[in-house]
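Asks: No letters, just coordinates:
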């Protein structure tokens, strides 16, 4: 869809006649930037938009896993891998994973469980090994009485099916259904939500393929195409979440450009997930080589995402993110305190 339309987010506390951004309680917009590839954006009043474009930007997004999106939601990362870039190998077994899940459940709205690292350069894990790592953990979390919605972070249909059978509620596919041709039918058959993320190549090759004519528009067009592919495969449009894929086949400048223009993806009319926690670009900008020490930078990006109207923040540091988000919502929202 061109031209592209990016709403200009403002705090809900701003005075004047403002429209909720994607139904948010705390983020509004009165203006939009309209642009095409290679052209300077033109800022105009949002009331100049067509009724269809206005609805895509303002309508409250459909519930996912019983969660409403009138406020940002936190997705906590629970990797059961030996080699993830930040937290690989930190869990000693199923009991340890269940304990971690229980602790995270106090601060998160969704648990995202992954059994294969997709960091740059990571080698593929077999489906059977990925199932061995994830399905028993999901089943044990459910057996422990933890009811927090669970997302399975996988690009493989068999892994997704095993996770759903074990008690997972949604699928988070970093390839947007491109890696495994059976993934779309698994999601459609189960009737569960799915997150479609932009990426290029494979984890082993993606950084060598970080080439775009216009990264903001190229990612937008790719996500629009994958949404069409998903709905054509029988997946309900209102069960789709989109993710611009920060760090997946992007340079530092690509990541910064995507974050600055993040609000353009509201024009897709679907919830946006932002997963930037502890990633390399934060270390590059901050001079911090240790991924586990990038909490401050991760919080800055998460709060930026919330201010842009992002519906789901995928993070490692769940307690810190919850505290920061609660304070941002209190300070930027419309609620008053005695």
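Replies: Here it is on my side, so go on. For clarity, every value in this text was computed on a predicted model and none was experimentally measured.
Asks: What segments of the stretch 1-150 of the chain are strands?
Replies: Taking DSSP state E, counting those that start in this stretch, the strands of the stretch 1-150 of the chain run over residues 4-11, 19-20, 27-35, 42-45, 73-79, 110-114, 150-153.
Asks: strands paired with the first one, and their directions?
Replies: What that stands for is strand 4-11. strand 27-35 (antiparallel) (DSSP bridges).
Asks: Mind listing residues that contact the strand it pairs with?
Replies: 3-12, 14, 16-21, 41-46, 49, 57, 263, 306-309 (C-beta atoms under 8 Å, 6 or more residues apart in numbering). C-beta: built from backbone N, CA, C; applies to glycine.
Asks: Which members of those are classed as buried?
Replies: 4-10, 12, 18, 20-21, 41, 46, 49, 57, 263, 306-309 (16 or more other C-beta atoms under 10 Å).
Asks: helix, strand or coil for the residue nearest the centre of the chain?
Replies: Geometric centre of the chain, nearest residue: residue 273, 2.2 Å, by C-alpha atoms, centre = their mean. Put simply, residue 273 is strand when judged by DSSP: H, G, I helix; E, B strand; the rest coil.
Asks: quick one: buried residues of the helix or strand containing residue 220?
Replies: Assigned by DSSP states H and E, residue 220 falls within helix 215-232. The neighbour-count check on helix 215-232 (16+ other C-beta under 10 Å) flags 215, 216, 217, 218, 219, 220, 221, 222, 223, 226, 227, 230 as buried.
Asks: likewise stretch 57-72?
Replies: For stretch 57-72, by 16+ other C-beta under 10 Å, it's 57, 58, 61, 62, 64, 65, 67, 69, 71, 72.
Asks: Could you pull up the residues touching the residue nearest to the centre of the chain?
Replies: Applying C-beta under 8 Å, 6+ apart to residue 273 gives the contacts 75, 172, 195, 197, 241, 242, 243, 310, 311, 312, 313, 314.
Asks: The last one and residue 207: what is the separation?
Replies: With the distance defined as C-beta to C-beta, to the nearest Å, residue 314 ends up 20 Å from residue 207.
Asks: still on that earlier bit, among the contacts of residue 273, who's most crowded?
Replies: Using other C-beta atoms under 10 Å as the neighbour criterion, residue 313 leads the contacts of residue 273 with 30 neighbours.
Asks: Not counting its neighbours along the chain, what's nearest residue 180?
Replies: Counting by C-beta to C-beta, 6 or more residues apart in numbering, residue 180 lies nearest to residue 157, which is 4.6 Å off, once chain neighbours are set aside.
Asks: cool, and residue 25?
Replies: Nearest one to residue 25, counting by C-beta to C-beta, 6+ apart, is residue 70 at 4.8 Å.
Asks: so what pLDDT did the one you found get?
Replies: Looking at residue 70, its pLDDT is 94.
Asks: right, and residue 224 touches residue 270 too?
Replies: No. Taking contacts as C-beta atoms under 8 Å, residue 224 lies outside contact range of residue 270: 10.1 Å.
Asks: Fine, thanks again, bye for now.
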